[in-house]
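>>> Sequence plus the predicted model coming up.
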Amino acid sequence: MNLNTTLDPVLLRSFVAVVDTGSFTRAADSTHLTQSTVSQQVRKLESLLGCELLQRKGRYVTATLEGERVLSYARRILQLMNEALAQTSLSAEQQKIRLGVPEDFATHAIMPTLSAFASEYPGIRLEVKSGLCSDIWREFQRSDLDLALVKQRQGSAPGLASWPEPLCWIDSLHGDSLHKHPIPLVTFPIGGLYRSEMAHTFDSLGRSWRLAYVSTSLSGVCCAVEAGLGISLLPRRLVTERHRILDQHDGLPPVPDLELTLHAQAQLSAHSRLLAERLIGACDRTFEGEP
């Protein structure tokens, strides 16, 4: 045998299958190949090694003395290959971090943290999805996300950390949408917590309302309110100088605070845990000083 001969694992796998099953036919079934293909692969391996590997004993095919020696190495080679493939797959999975964040947190609030993390760990594939919290939460429950920042009612689902998110009613600085009939609302699509709370409030007050502007974009909602298209319910920290806060003096009841919660899957890679710690720090800074 030439010392530069390369042993094809495909040939080794067919050889091991024949020895383990004692038959070329059963080996073909176990490897999902035809019997002639298995026979050809064994003959090719014998040709490469320069010796007979198999012999027939009655109804069964067994390994020769040389075949027994090769069999030991073949098993070890195939085992090492399987371990290498498993470790490569695991490493690739650990190098990917899937994060879901609310639309209003996908901009300035945590972007510096995500950018710094990506720069510090270029080997980690960070995949961030922003959108409605209801969609993010469903993906997290399906284990399609490793980490998820979601807005939720206080205490509804414990996570790694939580921060109170005070809400307030807002109108345009010089607008008076609350006294229009029906009341024009600026909101997110169906499924958003703010939208359901708005509808419930005005239904309870016996006030008719209509959807004046619906957008999945936070900036779109804020701009629509600033332009006087209607009123909305948003986190207090998002109020700008072009907004006017409405309260009980305007006939609107206070709205219970929501909370922003960071959720994590039970099994996390070390880098995912590190990102979670940094997200907690970023959220602490974002909510610092909030009433």
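Looks like it arrived, so ask away. Numbering: from 1, shown residues only.
>>> and stretch 18-33, average pLDDT?
Model confidence over stretch 18-33, given as mean pLDDT, is 88.
>>> Kindly format the C-alpha coordinates of it as CSV.
Taking Å, rounded to 0.1, in the frame of the first residue of the first chain, the C-alpha atoms of stretch 18-33 are listed here in CSV:
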residue,chain,number,x,y,z
VAL,A,18,-21.0,-5.3,5.9
VAL,A,19,-19.1,-6.6,8.9
ASP,A,20,-21.7,-5.4,11.3
THR,A,21,-24.7,-6.8,9.4
GLY,A,22,-22.9,-9.9,8.0
SER,A,23,-24.4,-9.3,4.6
PHE,A,24,-23.9,-7.1,1.6
THR,A,25,-27.7,-6.9,1.2
ARG,A,26,-28.3,-5.8,4.7
ALA,A,27,-25.4,-3.4,4.6
ALA,A,28,-26.9,-1.8,1.5
ASP,A,29,-30.2,-1.3,3.4
SER,A,30,-28.4,0.3,6.4
THR,A,31,-26.4,2.7,4.3
HIS,A,32,-29.2,3.4,1.8
LEU,A,33,-27.1,2.3,-1.1
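>>> Give me the buried positions along it.
The neighbour-count check on stretch 18-33 (16 or more other Cβ atoms under 10 Å) flags 18-19, 21-24, 26-28, 30-31, 33 as buried. Any C-beta I mention is one placed from the backbone N, CA and C, and that applies to glycine too.
>>> Can you tell me what sits against that stretch?
Residues external to stretch 18-33 that are found in contact with it (Cβ atoms under 8 Å, 6 or more residues apart in numbering): 13-14, 17, 34-35, 37-39, 41-42, 54, 60-63, 67, 71.
>>> among these, which ones are buried?
13-14, 17, 38-39, 41-42, 54, 61, 63, 67, 71.
>>> Which one of these is nearest to D104?
Taking Cβ to Cβ as the measure, D104 sits nearest to R13 out of the buried ones among the contacts of stretch 18-33, at 54.1 Å.
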